[in-house]
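In: make a model of this:
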Amino acid sequence: MNVRTRLAPGELGETEPQGRVAVVIDVIRASTTIVAALDAGARRLVPVDSTEAAERRSASYDDVRPLLCGEREGLPIRGFDLGNSPREFVAESVGDRDLVITTTNGTRALERVRGAQAVLVACLRNLGAVADELRRRGRPVLVVCAGRGGRVGLDDVWCAGLLVERLGASGPVQPDDGARVAMQTARGLGEPNAGALARTEAGAALVRIGLGGDLDMCASVDSSRMVPMLTGEGLVPAGLRP
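Out: Down below sits the predicted model:
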């Protein structure tokens, strides 16, 4: 299996996603929150790249208005229903609801890979499930780290390295240099935990604004079998589509 890894969205070539299964990683926190929302029974999440786009999309619904969710600089957006804390996304608030979500890094990275053969979302929580889905599909893979403000984010590179290692553990993998860098990073850092994530730039920023409690969920490796997949309707569980 051929695996390319881009350590930040700016490394991504315009046509590079074509013919590949793209995997977007934003551990702190968009990917973790998307997985949590679908695990809690959300019907679908529609990712958009701006607050204005989120409001327009919400206004386009004729029936039940979707929940508006997202953050800027880590904090909930004024007037939105939910922020980007995975702890908010429980069945009582999101069950059987459509959600429109916009975040500083994760949803923008998703926009960059819409030309891929398929688009999946990964985080530490669903590492094994995503690896299984990629092996099942058997297509070349493009892993894209959402990063932080256009720069490399250690949490995402760590997760990407662990994902490539999972793929290599069950069959031959042809990693590019980005994938090799990610794997070496993951080997050097060891097993993720909330304390280690708190020492990354993204984790430390979350602690500073009083949301460090989210890191326990972000660090919970293999706690979910949910694989979000981007379709024309939004992000839904991969098992609901071919």
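In: where does the chain dip in pLDDT?
Out: Across the chain, the ranges flagged by pLDDT under 70 are 240-242.
In: which residues of it fall in strands?
Out: 2-6, 21-25, 44-47, 67-72, 75-76, 98-102, 118-122, 141-145, 174-175, 228-231, 234-237 (DSSP state E).
In: count of neighbours near Asp222?
Out: Look at Asp222: counted by other Cβ atoms under 10 Å, it has 13 neighbours. Where C-beta positions appear, they are placed from N, C-alpha and C, glycine not excepted.
In: residues contacting it?
Out: Neighbour list for Asp222: 124-129 [criterion: Cβ atoms under 8 Å, 6 or more residues apart in numbering].
In: same question, Ala205
Out: Gly74.
In: any idea how far it lies from Asp39?
Out: 25 Å (Cβ to Cβ, to the nearest Å).
In: give me the buried positions along the longest helix seen in the chain.
Out: Looking across the chain with DSSP state H, the single longest helix is helix 154-169. For helix 154-169, burial by neighbour count (16 or more other Cβ atoms under 10 Å) applies to 154-168.
In: circling back: in JSON lines, list the strands of the chain along with mean neighbour count.
Out: Supplementary listing: these in JSON lines, determined by neighbours: other Cβ atoms under 10 Å:
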{"stretch": "strand 2-6", "mean neighbour count": "22"}
{"stretch": "strand 21-25", "mean neighbour count": "29"}
{"stretch": "strand 44-47", "mean neighbour count": "24"}
{"stretch": "strand 67-72", "mean neighbour count": "23"}
{"stretch": "strand 75-76", "mean neighbour count": "15"}
{"stretch": "strand 98-102", "mean neighbour count": "26"}
{"stretch": "strand 118-122", "mean neighbour count": "26"}
{"stretch": "strand 141-145", "mean neighbour count": "29"}
{"stretch": "strand 174-175", "mean neighbour count": "16"}
{"stretch": "strand 228-231", "mean neighbour count": "21"}
{"stretch": "strand 234-237", "mean neighbour count": "20"}
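In: export those strands as a markdown table, with columns for distance to Gly188.
Out: Converted to a markdown table, the strands of the chain look like this (distance: least, Cβ to Cβ, whole Å):
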| stretch | distance to Gly188 |
| --- | --- |
| strand 2-6 | 16 |
| strand 21-25 | 18 |
| strand 44-47 | 31 |
| strand 67-72 | 30 |
| strand 75-76 | 32 |
| strand 98-102 | 32 |
| strand 118-122 | 20 |
| strand 141-145 | 16 |
| strand 174-175 | 16 |
| strand 228-231 | 28 |
| strand 234-237 | 32 |
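In: ok, now how distant is the most centrally placed residue in the chain from Arg78?
Out: For the chain, the residue nearest the mean C-alpha position is Ser31 (2.6 Å; Cα atoms, centre = their mean). According to Cβ to Cβ, Ser31 and Arg78 sit 24 Å apart.
In: swap in Thr32?
Out: 23 Å.
In: more neighbours, those two?
Out: Using other Cβ under 10 Å, the more surrounded residue of Thr32 and Arg78 is Thr32, with 32 against 7.
In: quick one: contacts for that one?
Out: 26, 86, 123-125, 214, 217-218.
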